[in-house]
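Chemist: Sharing a sequence plus its predicted fold:
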Amino acid sequence: MRGLLAAFAMMLATAASAESIKEPFMFHAAGEFEVSLKPVSAADEAPMRMSIDKQFHGDLEATSVGQMMAGGNEANGARVYVALETVTGSLKGRKGSFILAHRGSMSANGQALSVIIVPDSVTDQLKGIAGNLDIDIRDGKHFYSIDYTLPE
């Protein structure tokens, strides 16, 4: 039994050695996008639902379609939204599609936004991609920045 435990411990130590752990290379992509949001829910429905249509330009040349749900508390200004969108096009010349999942909130304590590439939602030449997308709005224009890993 001790021999089996020792062998197992040795196997774990070998698997976790610095030589066997290869950190994935992080890539970066950036550009602009246009977005069109249209109500899908009734005016008095809560949470509010909207369709999303986007055109991405720059390192990501793509379109996306999706849906967003949003709600909030008018009394204190708290807001929240979640969204899913399917992006189809090319990222630095590699064609495919992937799903983005959004979660954003705003309160008196500040804002938080998380947009991730959904693991295993990817097709074609983008299979294996993982990462995060940041959104920046300046002077009425929308900009994206994506940090991602992608197998060779």
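Modeler: Yes, it's here. Numbers count the residues shown, from 1 in each chain.
Chemist: in the helix or strand hosting residue 33, what's buried?
Modeler: Using DSSP states H and E, residue 33 sits in strand 26-39. With burial defined by 16 or more other CB atoms under 10 Å, the residues of strand 26-39 counted as buried are 29, 31, 33. To be clear about C-beta, it is placed using only N, CA and C from the backbone, and glycine gets the same treatment.
Chemist: Look up the closest residue to the last one, ignoring the ones flanking it.
Modeler: What that stands for is residue 33. residue 56 (4.6 Å; CB to CB, 6 or more residues apart in numbering).
Chemist: Would you mind measuring from that neighbour to residue 87?
Modeler: 7 Å (CB to CB, to the nearest Å).
Chemist: what sits up against stretch 33-45?
Modeler: Residues from elsewhere that reach stretch 33-45 (CB atoms under 8 Å, 6 or more residues apart in numbering): 47-57, 67-68, 142-144.
Chemist: any idea how far the residue nearest the centre of the chain is from residue 27?
Modeler: Central residue of the chain (CA atoms, centre = their mean): residue 116, 2.0 Å from the mean position. Using CB to CB, residue 116 is found at 15 Å from residue 27.
Chemist: Likewise for residue 89?
Modeler: Counting by CB to CB - residue 89 and residue 27 are separated by 16 Å.
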